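**Q** Requesting a structural model of the entry that follows:
(chains A, B and C)
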Amino acid sequence: MRSPTRLKFPIVVLGIQIIFIVLFALTVEYDKSADAKFDIQHPRNVTDRNPPENEVSKYYPMFQDVHVMIFIGFGFLMTFLKRYGFSAVGLNLLIAALILQWATLVQGYLHSDGNVHISITSMITADFAAATVLITFGAVLGKVSPLQMVVVALIEVVLATLNEKVGVQIFQVSDIGGSIFVHAFGAFFGLALARVLYDEDVERSTKEGSVYHSDLFAMIGTIFLWLFWPSFNSALAVGDDQHRAVLNTYMALAACCIVTFAISALVDGEGKFDMVHVQNATLAGGVAVGTSADMMIQPVGALVVGAVAGVLSTCGYRFITPFLTSKLKLHDTCGVNNLHGMPAVLAAVIGSIAAAVANTDTYDDPEFAKIKLYVDVSPGEGRTAGQQGGYQMLALAVTLAIAIVGGVITGFIIKFIPMFVAPKKEQLFEDEPYWGVPDDHRTYPNIPII
Amino acid sequence: MRSPTRLKFPIVVLGIQIIFIVLFALTVEYDKSADAKFDIQHPRNVTDRNPPENEVSKYYPMFQDVHVMIFIGFGFLMTFLKRYGFSAVGLNLLIAALILQWATLVQGYLHSDGNVHISITSMITADFAAATVLITFGAVLGKVSPLQMVVVALIEVVLATLNEKVGVQIFQVSDIGGSIFVHAFGAFFGLALARVLYDEDVERSTKEGSVYHSDLFAMIGTIFLWLFWPSFNSALAVGDDQHRAVLNTYMALAACCIVTFAISALVDGEGKFDMVHVQNATLAGGVAVGTSADMMIQPVGALVVGAVAGVLSTCGYRFITPFLTSKLKLHDTCGVNNLHGMPAVLAAVIGSIAAAVANTDTYDDPEFAKIKLYVDVSPGEGRTAGQQGGYQMLALAVTLAIAIVGGVITGFIIKFIPMFVAPKKEQLFEDEPYWGVPDDHRTYPNIPII
Amino acid sequence: MRSPTRLKFPIVVLGIQIIFIVLFALTVEYDKSADAKFDIQHPRNVTDRNPPENEVSKYYPMFQDVHVMIFIGFGFLMTFLKRYGFSAVGLNLLIAALILQWATLVQGYLHSDGNVHISITSMITADFAAATVLITFGAVLGKVSPLQMVVVALIEVVLATLNEKVGVQIFQVSDIGGSIFVHAFGAFFGLALARVLYDEDVERSTKEGSVYHSDLFAMIGTIFLWLFWPSFNSALAVGDDQHRAVLNTYMALAACCIVTFAISALVDGEGKFDMVHVQNATLAGGVAVGTSADMMIQPVGALVVGAVAGVLSTCGYRFITPFLTSKLKLHDTCGVNNLHGMPAVLAAVIGSIAAAVANTDTYDDPEFAKIKLYVDVSPGEGRTAGQQGGYQMLALAVTLAIAIVGGVITGFIIKFIPMFVAPKKEQLFEDEPYWGVPDDHRTYPNIPII
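**A** Residues are numbered from 1 along each chain as shown, chains lettered A, B, ... in the order given. Okay, the predicted model is just below:
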């Protein structure tokens, strides 16, 4: 049986790559620190004991942690579906690789004047853009064609970058781990998209579920996300801010993890752990502490935020996801509302409170206060701490608005423009329409096929 | 069927998390290098080409390697059991996340005066504590309930921390890779525990074994442990000591690996490789070189230690484990005696010899001699090298004593206090009592169920 | 049934390890930076805020990325075969561990005068040697016994090191990512080997194929290779060269990835993605940019190189591999010609062109020009840029010659010396002759066994 997007997919994607190449030729160059013309950081002398460090050394280890989260973490987390593993890890790779290029361009155009300069930090922010879209992917996993997902990625990156520019440059909001600009945006964009794409066939599919080994593959994704989340929340911070972001995220994740196990057993009729909760809700602490990770929330604050996120997320999977599907006709395949959506709203609220109570007793560092929180610590320099808290909430509100409206519009585009080819009933949660599959795929796992 | 720990588990674990939160609120704060009040390492000037580095940058990459070992390495290594994969990787996550918090508190209380200060180095030592308990977990894998394992973790962290305090602060012993304080302690605590919990049903279970794909999942754990072991053995070393610890561990592992393959084929009746040996004994070189990794054992010394560990560990799996089960009623699921126990004793002996022969010709660095080995290199400054060698062995003896006695007592506590609910015969090596499992779990792999 | 190499394998491998130990004892010592005698980089004072950094800190994070590529990347990539997963990941570990020691010796003897000094950089170059042999392994995967592969490794490391010495020291060629000295050498050595070992039984085997989950295991390898390839191509570069090598590799991989998906669907009769392409051709961009990664090829250059590599590699799998098998009697199990061979030739050509057009306008850094490209930028200092381009091509030609002749000779050695025991017909692509396997291996996947 032929793929529904047989010629359309290659033509569109090759066209996109050609456009990227043209745009790179016209507008992209190396940052000075990566350009041989400007050897500012090049060791002048091989016997120099302590040459100035190129910024690639400083950012690279955490960049790679984030990189692993995007491609292994998100990719394998989504392999839990028994008949959609190739698509989960494969399309995750495709979409993310496309975004690395597209976000480099879009972020470059929106954040700089004229030419785009690529560097290790632009690589990190491009990975953040990929995270945003992959969160959205989770909401519609198994229900969109590869071509539809390409379209979603192209549109969403533009809107997410615009939203972040508004939040960071205009509202001057602090969101070091991207809980507002990455997690909330990606989740609510995805939920809006999923609502528009809703079809009753989805609920009748017998393919939306896991088998024993697909759940173990998914745990590879979960654990790498859990391990490297401190890097995600601190990659772009410096000095003690970075140290604190690492500590707060580590503590929030630890508390979230054990609360998730407890609540999972508590809300289950038989008192058993639910693999969906362990795969997902254990990570909610990383989202919930994202905005305030580099703020002085104290170790106990991190634990409390993580524990609350664990309760919120686990109960979300148990009670809210079924409600959304049955009452609101919103089918959220990976439960991104529980892992990213609600914890990101919590993150924004915590961040707002932490910003509002900031003062010079806690932050005896005028640099931090001025550069990162925009709090009025020396008279006449701008906002009060309370005002900053307000701006933090404003950024969340604007994020939700742009994400939901953007998701709805994008949903209509990919649903009603026929060339993007939505999957038919029997193609839901199924690799076979898009992939050459081994023979055992039909017979293993041995399930009735709708 | 209901979980045997239906309400008990959530109540106990939530209670523990609440206690942790209270203790953090009362006693835990950021280390100065992570506190915005003390901006000692914060770049004062964004144009500063070479700001003083925060210690998070220095330790973070190796911390993450260790972190991967704990959660991916130990977690997936234990997925080799065909019907216990969810528990292996899931409980590993739960127990380790619990220990990250508990060890932060316990180590803080025992090692410092008054308040606990968390930092990237406390994160590393908390991961070491997790390793200790997860080694113990390997000895009783499939034979304890999640609630029993939580109790084990709480008790063992206290005893292991006490033991390490005695060894490091009183005996002033050098054990950079934790072979004595982590591997020997965890293994012998686990063996004592397994002896107390022994039940003949264990040997009659048909579920203690692997399937083809569960063995491949286990190899994910093995390889990551093998790769990052040099980080485990050197994370807390500095300068040339760290460099040497990396080199020695890398060489010991390389030799251990190929000797393991050779001996595995040699001791097998059909001359074939045994997956159990490849998954485990290849790692014994990392344990065996742990105490002496930063000492001047020379590259050839590292190779010899690794090769001997490979022989010891592989023969242990082939001959000693069956002997322990049949003669001593000690059933060691993962063979931690072979991977951790015996190689750790070897490590302590090697470390003792290396310390005893240390001299100022080899270590032309009074700092190392004074700070790390406590060898009398400048007259009047304390011990002779030979005395240091003796203290190294004393630390091993004390470790074995505390571990074995502690393991026996802990075994009685979890065996005879009914609320911790030991698994029944048919619940051994089986996820189903504690986890919601997919339908295929009953039929795949297609084995008779006792 | 007994293993065909029952006693031969352990005796040979133990003998090799003993020889390694003797050679290490006689000739290997720590590099000064890892030797306690020379505390040049040891912090003299624990309160020193900014001690000189030991080189282990500088190289270690990227070393570990490369290490993961060798053992997880190559190891799991080869688990795609349904009945050869233990051998794929197990023999990969064995062979690589053997090479870590052997390459340390061989590279030390050929590159230095007298004694071998081991350090973090010798660890990286030993990993590169392992990569060379593992690429070769891919060409003959499933068709050689473990003992044959040990012999291949011993011979190939010597020839590859000699070839690299000629290229780097005599021709003074720049090949930062090893596309010529690692990828081209390993691939063409492997192809020559595979040609000599050709047997018609191979094409009649029903075991050369994947199952659904073996393809997912292989994706673990693919993704880690894809993620860490920028580290491979930049581990030994410094300053802005390293930064640029990271950026160019990242961009080349991103373009290669999405072009691979497009071409894979385009050349498939049904318009579907082929897992073989996604597992392999997505990586070709990393090979193709390897030689020029640290040169000023510009971001758009990296994209173009990656995109061309994606087309070349995917079309190679679709059209050239079947042609080689049917017409040239060259069976290339993993298609290393497509992933490593042809893209490495492309890499050499790109590198030659980039070197030939280098000039002082682009490289305003006499150090780079002099040390890395040997371009005549200040009159009288040697070659012109054009001459350097010529030498780059010469290095490729010599590499191909040594690799092919070496591969043919090695093929005859392992084919016709009986003690190395080539697999028989029914032992092809099958773990069972060499491994103790779980019961389900015979029945799962449920395929007819030839």
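**Q** how many neighbours does A:Val166 have?
**A** By other C-beta atoms under 10 Å in any protein chain shown, 17 other residues sit near A:Val166. Yep, even glycine has a C-beta here, placed from its N, CA and C like the rest.
**Q** So for chain A, which residue is the most central one in space?
**A** When C-alpha atoms, centre = their mean is applied to chain A, the residue found nearest the centroid is A:Ala131 (3.1 Å).
**Q** Relative to C:Gly290, how far out is the nearest residue to that one once chain neighbours are set aside?
**A** Closest residue in space to A:Ala131, ignoring its immediate chain neighbours: A:Val182 at 5.3 Å, by C-beta to C-beta, 6 or more residues apart in numbering or on different chains. Distance, A:Val182 to C:Gly290, by C-beta to C-beta, to the nearest Å: 32 Å.
**Q** Who has more neighbours out of the two?
**A** Higher neighbour count among A:Val182 and C:Gly290: C:Gly290, with 34 against 28, using other C-beta under 10 Å.
**Q** how about the closest residue to A:Asp361 other than its chain neighbours, phi and psi?
**A** Take A:Asp361 and drop its neighbours on the chain: the residue closest to it by C-beta to C-beta, 6+ apart is B:Lys37, 7.9 Å away. Main-chain torsions, B:Lys37, degrees, to the nearest 10: phi -70, psi -30.
**Q** What is the burial count for B:Lys37?
**A** Counted by other C-beta under 10 Å, the residues lying close to B:Lys37 total 15.
**Q** For A:Tyr363, see how far away it is.
**A** B:Lys37 sits 7 Å away from A:Tyr363, taking C-beta to C-beta as the criterion.
**Q** Which pLDDT value belongs to A:Pro448?
**A** We have a pLDDT of 38 for A:Pro448.
**Q** repeat for A:Arg442
**A** For A:Arg442, the model assigns a pLDDT of 78.
**Q** Residue of chain A closest to chain B, please.
**A** In chain A, the residue that lies nearest chain B is A:Gly271 (2.8 Å; C-beta to the nearest C-beta).
**Q** Can you give me the end-to-end span of stretch A:195-205?
**A** End-to-end distance of stretch A:195-205 (C-alpha to C-alpha, to the nearest Å): 17 Å.
**Q** For it, give me every contacting residue.
**A** With C-beta atoms under 8 Å, 6 or more residues apart in numbering or on different chains as the test, stretch A:195-205 has contacts from A:140, A:143-144, A:208, A:325, A:328-331, A:407-408, A:411-412, A:414-415, A:422, A:425, A:428-429, A:450.
**Q** PyMOL command to pick out the buried ones of the residues you listed?
**A** Per 16 or more other C-beta atoms under 10 Å in any protein chain shown, the buried members of the contacts of stretch A:195-205 correspond to this PyMOL selection:
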select buried, chain A and resi 140+143+144+208+325+330+331+407+411+414+415+422+428+429
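**Q** Contacting chain C as well, which ones from the contacts of stretch A:195-205?
**A** With C-beta under 8 Å from any C-beta of the partner chain as the criterion, the contacts of stretch A:195-205 include none near chain C.
**Q** In strands, which of the contacts of stretch A:195-205 appear?
**A** Judged by DSSP state E, strands contain none of the contacts of stretch A:195-205.
**Q** Okay, and which of the contacts of stretch A:195-205 map to helices?
**A** In helices, judged by DSSP state H, the following of the contacts of stretch A:195-205 are found: A:Val140, A:Thr325, A:Leu328, A:Gly407, A:Val408, A:Gly411, A:Phe412, A:Ile414, A:Lys415.
**Q** Could you single out the nearest of the residues you listed to A:Ala354?
**A** For the ones in helices among the contacts of stretch A:195-205, the closest approach to A:Ala354 (C-beta to C-beta) belongs to A:Gly407, at 28.6 Å.
**Q** Quick check: the closest one touching A:Leu191?
**A** Yes: here A:Gly407 lies in contact with A:Leu191, judged by C-beta atoms under 8 Å, at a distance of 6.9 Å.
**Q** For the residue of the stretch 101-250 of chain A at minimum distance from chain C, which non-adjacent residue is spatially closest?
**A** For the stretch 101-250 of chain A, the residue closest to chain C is A:Gln101, as judged by C-beta to the nearest C-beta, at 5.3 Å. Leaving aside its sequence neighbours, A:Gln101 sits nearest to A:Phe20 (C-beta to C-beta, 6+ apart; 4.8 Å).
**Q** cool, and A:Leu253?
**A** If the residues on either side of it in the chain are set aside, A:Leu253 comes closest to A:Gly285, at 4.6 Å by C-beta to C-beta, 6+ apart.
**Q** State the distance from that neighbour to chain C.
**A** Counting by C-beta to the nearest C-beta, to the nearest Å, the gap from A:Gly285 to chain C is 25 Å.
**Q** any idea which element that residue lies in?
**A** Following DSSP states H and E, one finds A:Gly285 within helix A:284-288.
**Q** so what secondary structure elements neighbour that helix?
**A** When contacts are defined as 3 or more C-beta pairs under 8 Å, 6 or more residues apart in numbering or on different chains; DSSP states H and E, helix A:284-288 sits against helix A:212-234, helix A:239-267, helix A:298-315, helix A:342-356.
**Q** most tightly surrounded among the ones you listed?
**A** helix A:239-267 (a mean of 28; mean count of other C-beta atoms under 10 Å in any protein chain shown).
**Q** Name the next helix or strand downstream of it, please.
**A** For helix A:239-267, the following helix or strand on the C-terminal side (DSSP H and E) is helix A:275-280.
**Q** what's the offset of that next one from the middle of its chain?
**A** 17 Å (C-alpha atoms, centre = their mean, to the nearest Å).
**Q** Report the rounded mean pLDDT for that helix.
**A** Confidence for helix A:275-280, expressed as mean pLDDT, is 98.
**Q** Am I right that A:Leu312 is in contact with A:Met342?
**A** Yes: shown here, A:Leu312 and A:Met342 form a contact pair, counting by C-beta under 8 Å, at 5.4 Å.
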